[in-house]
Structure formats: structure tokens, C-alpha cells
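**Q** Okay, sequence plus prediction incoming.
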Amino acid sequence: MTTPSIPESKDDEHRFPVLLRAAWFSLNKSFRAQLRETGLTPVQFTILRWLSEHKKSSLSQTDLAKLTASNQNNIADLVDRLEALELIKRERDENDSRRKIISLTPRGETVYEDSRVLALELQMKAMSCLPKDQSSRLLDALVRVNENLRKGS
């Protein structure tokens, strides 16, 4: 692995975090607008996505907090709201009565799949300014940056 060079100017030094943050806010704002018709927020969609992707395993609130890099209180509120909307259900873990397993309801699966279509459309729109090979490289680079930063924490 090569050692990164020191940025040549103050502008270069601050460019990466500023651009990444601006891209995130633009993406989140656009996603919020697209999700409006579903009644979900982006973070609620993320919870449904994790539950959909882990159907074969059992996820608890603690697991969701780790997967979303959020705290237990935020996840508890999200789970309460999603349960009130009848999108998820909580059941006691057969192996640990203190632990509750969270899963999608049939309605939650439908809402997630409808929302997923919107998320994929937004991703295609956001990446449409890049040739396919560059968009793949950008996603790969973001994965590596994230892994690199997780190693350091």
C-alpha cells in the first residue's frame, strides 16, 4: 500500500470530507423526497433493508444499532414506530428470553420492495453522470475507504 501524499493546499486538504458530506446530504434529501409517498424516512428504509437482507438470521435491536452505526435509544424509537406502522414485528428469541428478534411483516416486505425500487432509481440517477466503469470504481473505492477507517477506530 502506498503512503498518501500530503495535500498541496488547504483547499485540497478539506475537499474530501466537504464533498463527501455534500454528496450525502444531496442524496439523503433526494431520497427523502422520493420516499415521501411510502411514508418512510431514509433511516426507516435502512432498517427494513437490513431486516430484508438478514431474513435467514435473527436480528435484535442491538444488531440493528451496530448495522446502522446508531445508538440503542434511536433504534428503540425507530423499532417502536415501524412496529406501530405494522411493518415489523418483535418476538422473543427461543434461545434467550431476554432478547427480542425483529422481522418484517408481510406489509413491511411489500413497503420495503416498493421503496427499494425508488432507492435503485435514485442510485441510477445519481450515478448516471459517470460511465459504468467509473461508477463501479467509485463504489469500490468507497468500500475501501470505509474499511480503512473502520480499521483505525
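**A** Received the coordinates, thanks.

**Q** What strand or helix carries the most centrally placed residue in the chain?
**A** Centroid check for the chain by CA atoms, centre = their mean gives residue 46 as the closest residue, at 4.5 Å. Assigned by DSSP states H and E, residue 46 falls within helix 42-53.

**Q** quick one: the residue nearest to the centre of the chain and residue 65 touch, right?
**A** No: look at residue 46 against residue 65 with CB atoms under 8 Å: they stay out of range, at 11.9 Å. Every C-beta, even on glycine, is put in place using the N, C-alpha and C of the backbone.

**Q** shared neighbours, the two?
**A** Residues touching both residue 46 and residue 65 (CB atoms under 8 Å, 6 or more residues apart in numbering): none.

**Q** Tell me the predicted confidence for the residue nearest to the centre of the chain.
**A** Residue 46 is assigned a pLDDT of 95 by the prediction.

**Q** contacting residues for it?
**A** Residue 46 is in contact with residue 68, counting by CB under 8 Å, 6+ apart.

**Q** which residue ranges form the strands in the chain?
**A** Ranges of strands within the chain are 88-92, 100-104, based on DSSP state E.

**Q** looking at these, which is closest to residue 134?
**A** strand 100-104 (34.5 Å; CB to CB).
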